[in-house]
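Sequence and predicted structure below; questions after.
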Amino acid sequence: MSKELEIEFKNMLTQKEYEQLLEHFRYTAADAKTQVNYYFDTADFALKASRCALRIRKKHDGYECTLKTPAPEGNYETTDLLNERQAQEFIEGISHEAPEVCEALQALNVKPAQLKMIGRLTTHRIEFDFQSGLLVLDHSQYGETVDFELEFEVADAQTGEQQFNDFLKSQQIPLRPADKKIARFMKSAKSKH
């Protein structure tokens, strides 16, 4: 039950760049923690239209229900921790026991009963402190798509952007802005129909 500001910089990676970064930071794919994201929206995509995103994330230690809403810099994240039963019932549309998220949804004129699970995405994540923030190496799978991404989560946008760009340059990785995972997931799902 929290609301916090998320400022992050993202860049798509090739598989080769991803593997080089793993080696550079002395990690292997076996070090990654697996998370499964379940994405939700209304039938008419009211959340997407408001530039918002809703997910339940299964991590090794439980479940989080998070609503991302636009902020002047980055996004606000409203999060409720869920137990396995609450998460399963939310995913199945039986009940929505995520009070902070549901309150924030009501403010967007979205009733929890309108929500449908639109799909899932699995991420193998390695994250660690780096300079002024948290550096994240992600290998994601959704449908038949596999992609690789670098994220840098920071408290200060200006400093973080400079450090992120300098790091990409030092690793000779071209700037390839990345959509949010839910946007990539949606694009992939649309191309299948």
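Looks like it came in fine.

which regions of the chain sit below the pLDDT cut-off?
Across the chain, the ranges flagged by pLDDT under 70 are 1-2, 189-193.

Let me see the ranges of the strands in it.
2-13, 33-41, 53-59, 62-70, 75-82, 116-130, 133-142, 145-154 (DSSP state E).

what about the longest helix in this protein?
helix 157-170 (DSSP state H).

From the chain's centre, how far out is stretch 88-107? Work that out for me.
Relative to the chain's own centre, stretch 88-107 is displaced by 18 Å; criterion: C-alpha atoms, centre = their mean, to the nearest Å.

Residues contacting it, please?
The contact list for stretch 88-107 (C-beta atoms under 8 Å, 6 or more residues apart in numbering) reads 1-3, 38, 54, 56, 65-67, 69, 78-80, 82, 86, 111-113, 115-117. For the C-beta atoms, the positions are set from N, CA and C on the backbone; glycine is no exception.

In it, which residues are buried?
By 16 or more other C-beta atoms under 10 Å, the buried positions in stretch 88-107 come out as 90-91, 96-98, 100-102, 104-105.

closest to residue 162 among these?
residue 104 (31.8 Å; C-beta to C-beta).

check contacts around the nearest residue to residue 8 once chain neighbours are set aside.
In this structure, residue 8 finds its nearest non-sequential neighbour in residue 153, 4.6 Å apart by C-beta to C-beta, 6 or more residues apart in numbering. Contacts for residue 153 (C-beta under 8 Å, 6+ apart) come out as 6-8, 133-134, 136.

Just the closest of those to residue 127, please.
residue 136 (4.5 Å).

How many neighbouring residues does that closest one have?
18 (other C-beta atoms under 10 Å).

Quick check: the gap between it and residue 101.
23 Å (C-beta to C-beta, to the nearest Å).

thinking residue 128 is in contact with residue 26, fair?
No. Using C-beta atoms under 8 Å, residue 128 is not in contact with residue 26; the gap is 10.3 Å.
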